[in-house]
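Colleague: Predicted model, plus sequence, below.
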Amino acid sequence: MKGIHVNVTVTTNSWGNWAGTASARPREIAAPSGVDELADLITRTRQRDGRVKAVGSGHSFTAIAAAADVLVRLDDYRPPPVVDTSTGEVTVSAGITLKALNQLLAANGLAMPNLGDIDAQTLAGATATGTHGTGARLGGLATFISAVTLVDGTGTVRRFTREDPELNAVAINLGALGIVTDITLRCVPAFQLHADERPMPIQQVLEEFDTLAADNDHFEFYWFPGADRALVKRNNRDGQGGRLSRFRGWVDDELLSNQVFGLMCRLGRAVPRLVPAVTAISARALSARNYADRSDAVFCTPRKVRFVEMEYAVPRAAYADAFDGLRRAANRHRVIFPVEVRVAAADPLWLSTAHDRDSAYFAVHQFQGMPYLDYFAEVEAVMRDLGGRPHWGKLHTRAVADLGTDYPRMADFIALRDRLDPDRIFTNPYLQRVLG
Ligand SMILES: Cc1cc2nc3c(=O)[nH]c(=O)nc-3n(C[C@H](O)[C@H](O)[C@H](O)COP(=O)(O)OP(=O)(O)OC[C@H]3O[C@@H](n4cnc5c(N)ncnc54)[C@H](O)[C@@H]3O)c2cc1C
């Protein structure tokens, strides 16, 4: 298939992520077209005691994908997708973008059961970091994986299926266990999503949080620090709602969410004392809309205004304390971007933010180029006290010494890493910090 992978040049020797928070100057950039070629590259790199790092679309805010030695892209690895419409199982190159994956699935009458906010990531990158959407009865993207093929740190090709308990480690692997080449997903029949978005008083949202989470397939809310209301999004598979006109979709998703909002952000960054006014105007501009569309078109929208982000998952029952602490921290800072709050079901994946517990997610953002360190640090302290688990692809300051208590299968993951990557050829400074 043409055009399914990230469209980047593999000849340049510099790499930077979307948010501008991580960069690297790899010694070599490789784009193997087959598994044997990749295995050979890994074996040769190991022999010279080098390092290899696969990168996806560079949409992690952390330096998790930074490669100093050999940077591997899967752009040229394009096995034909295998689609079984009777079971909904689909096997694709791990380097496929979510956008191309969604198109492939739709063409076959299938869909991902849940998605996050954007579709620019690669499937390998998104699942490696535990990317998730929202829905109290659903897990993140990696929970839909039923098999993974990877080349480990010894150059051995390994396939993990549902019969292997280690699939629960390999599904969210932080890029630390091998280079994933193929992923099999359990998909569902294609469906339309009915989106109901409307402002609600924040106090009411907090009081009705559990009901909103239980009564909707996908519930989330956005709240601008300082505002007394939030934008509540409810997406349901109830067959209701009509298509938005192309014009209204453009006004909402492109003009207001990206262009006008981007202008407001630049104004706030240039004149910081205007930030409270900018935030208040943005909060008041949140308006209601009701429509239905193909599921991925409702889940994913373009994000053109660049920002930095930290996200923590806490036990669902702690959501009110988490929000209270976050609100106190946000009130002490000039914050221009909204807070996003989501939910997910407990899952068995070892390094999942929702491992073995129903979770509420709190994502804090700041416009690129504005101060964020103190704000994020204060929110992080709140989340940490509540047993919060940081998103692996988003900014945080946690290290291996204190992550084990919140990720109970961390020691098992590290033991598996010892087996699959004994010489740590997939490591980088971020992985050293969080995995040792
Ligand atoms: C605008 C924006 C919106 C976002 N929205 C959400 C959201 O709604 N929900 C959410 O949970 N997250 C969200 N994220 C975070 C994002 O989904 C993750 O950080 C994700 O990992 C990015 O995927 P990527 O393809 O860019 O991977 P990269 O950031 O390039 O890499 C991530 C990790 O995957 C590894 N990797 C990549 N390819 C392979 C491979 N073939 N084999 C082994 N390891 C590999 C890398 O080595 C690295 O460790 C968002 C990020 C941005 C910038």
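Modeller: On my side now, so go ahead. Residues are numbered from 1 along each chain as shown.
Colleague: When you work out contacts or count neighbours from here on, use the C-alpha atoms and nothing else.
Modeller: OK.
Colleague: Looks to me like residue 41 is in a strand.
Modeller: No. Secondary structure of residue 41, determined by DSSP: H, G, I helix; E, B strand; the rest coil: helix, with no strand assignment.
Colleague: Could you count how many residues lie near it?
Modeller: Residues near residue 41, counting by other CA atoms under 10 Å, number 18.
Colleague: going on from the helix or strand hosting residue 211, what's the next piece of helix or strand?
Modeller: In the assignment (DSSP states H and E), residue 211 maps to helix 209-215. Sequence-wise, the next helix or strand downstream of helix 209-215 (DSSP H and E) is strand 218-223.
Colleague: what's in contact with the helix or strand following that following strand?
Modeller: On the C-terminal side of strand 218-223, the nearest following helix or strand under DSSP H and E is strand 229-236. Residues outside strand 229-236 that contact it (CA atoms under 8 Å, 6 or more residues apart in numbering): 193-203, 205, 216-224, 283, 286-287.
Colleague: Mark which of the residues you listed are buried, thanks.
Modeller: Restricting those to buried positions leaves 193-199, 202, 205, 216-224, 283, 286, with burial counted as 16 or more other CA atoms under 10 Å.
Colleague: Let me know the average pLDDT across the helix holding residue 211.
Modeller: In this model, helix 209-215 has a mean pLDDT of 98.
Colleague: Give the buried residues for that helix.
Modeller: In helix 209-215, counting by 16+ other CA under 10 Å, buried: 209, 212-213.
Colleague: swap in stretch 341-350?
Modeller: For stretch 341-350, using 16+ other CA under 10 Å, the buried residues are 341-350.
Colleague: Mind pulling up the pLDDT for residue 337?
Modeller: Reported pLDDT for residue 337: 89.
Colleague: contacting residues around it?
Modeller: Per CA under 8 Å, 6+ apart, neighbours of residue 337: 224-225, 279, 364-367.
Colleague: gap between stretch 203-220 and the chain center?
Modeller: Centroid displacement of stretch 203-220 relative to its chain, using CA atoms, centre = their mean, to the nearest Å, is 22 Å.
Colleague: Distance check, residue 277 against residue 200.
Modeller: 20 Å (CA to CA, to the nearest Å).
Colleague: cool, and residue 362?
Modeller: 18 Å.
Colleague: what does the stretch 251-400 of the chain put close to the ligand?
Modeller: Residues of the stretch 251-400 of the chain lying close to the ligand by CA under 6 Å from any ligand atom are 303, 393.
Colleague: I'd guessed residue 160 sits against residue 171; true?
Modeller: No. Between residue 160 and residue 171 there is no contact under CA atoms under 8 Å: 9.3 Å.
Colleague: Looking at those two, which is more packed in?
Modeller: The neighbour count for residue 160 versus residue 171, taken as other CA under 10 Å, is higher for residue 171 (28 against 19).
Colleague: ok, and the closest non-adjacent residue to the more buried one?
Modeller: Leaving aside its chain neighbours, residue 171 sits nearest to residue 142 (5.5 Å; criterion: CA to CA, 6 or more residues apart in numbering).
Colleague: give me the low-pLDDT residue ranges for the stretch 251-400 of the chain?
Modeller: 251-252, 254-256, 258 (pLDDT under 70).
Colleague: try 90 this time
Modeller: Residue ranges of the stretch 251-400 of the chain with pLDDT under 90: 251-289, 302-305, 336-337.
Colleague: Which residue would be the closest one in it to the ligand?
Modeller: residue 393 (3.8 Å; CA to the nearest ligand atom).
Colleague: Kindly list the main-chain dihedrals of that residue?
Modeller: phi -100, psi 0 (degrees, to the nearest 10).
Colleague: measure it to residue 121 for me?
Modeller: For residue 393 relative to residue 121 (CA to CA), the value is 11 Å.
Colleague: So what's the model's average confidence on stretch 132-139?
Modeller: On average, stretch 132-139 scores 98.
Colleague: Could you do stretch 153-168 as well?
Modeller: On average, stretch 153-168 scores 98.
Colleague: now do the same end-to-end measure for it.
Modeller: Start-to-end, stretch 153-168 (CA to CA) is 19 Å.
Colleague: Only the buried residues of it, if you could.
Modeller: Using 16+ other CA under 10 Å as the test for burial, stretch 153-168 gives 153-157, 159-161, 166-168.
Colleague: Same list (those residues) but as CSV, adding distance to the ligand.
Modeller: Shown next, in CSV, are the buried residues of stretch 153-168 (distance: CA to the nearest ligand atom, whole Å):
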residue, distance to the ligand
153, 11
154, 14
155, 13
156, 14
157, 12
159, 13
160, 14
161, 16
166, 15
167, 14
168, 15
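Colleague: Among those residues, which lie within strands?
Modeller: 157, 159-161 (DSSP state E).
Colleague: related to what we said a few turns ago, does the residue nearest to residue 171 sit in a helix, a strand or a coil?
Modeller: From three-state DSSP, the assignment for residue 142 is helix.
Colleague: Kindly report the same for residue 378.
Modeller: helix.
Colleague: In this structure it contacts residue 329, no?
Modeller: Yes. Using CA under 8 Å, residue 378 is in contact with residue 329, at 5.9 Å.
Colleague: now the strands: where do they sit in the stretch 301-436 of the chain?
Modeller: 307-315, 339-344, 359-367, 389-390 (DSSP state E, counting those that start in this stretch).
Colleague: The stretch 1-150 of the chain too?
Modeller: 15-16, 23-24, 28-30, 52-54, 70-72, 82-84, 89-93, 110-111, 145-151.
Colleague: Between the ones you listed, which one is closest to the ligand.
Modeller: Here strand 52-54 is closest among the strands of the stretch 1-150 of the chain (CA to the nearest ligand atom), at 4.4 Å.
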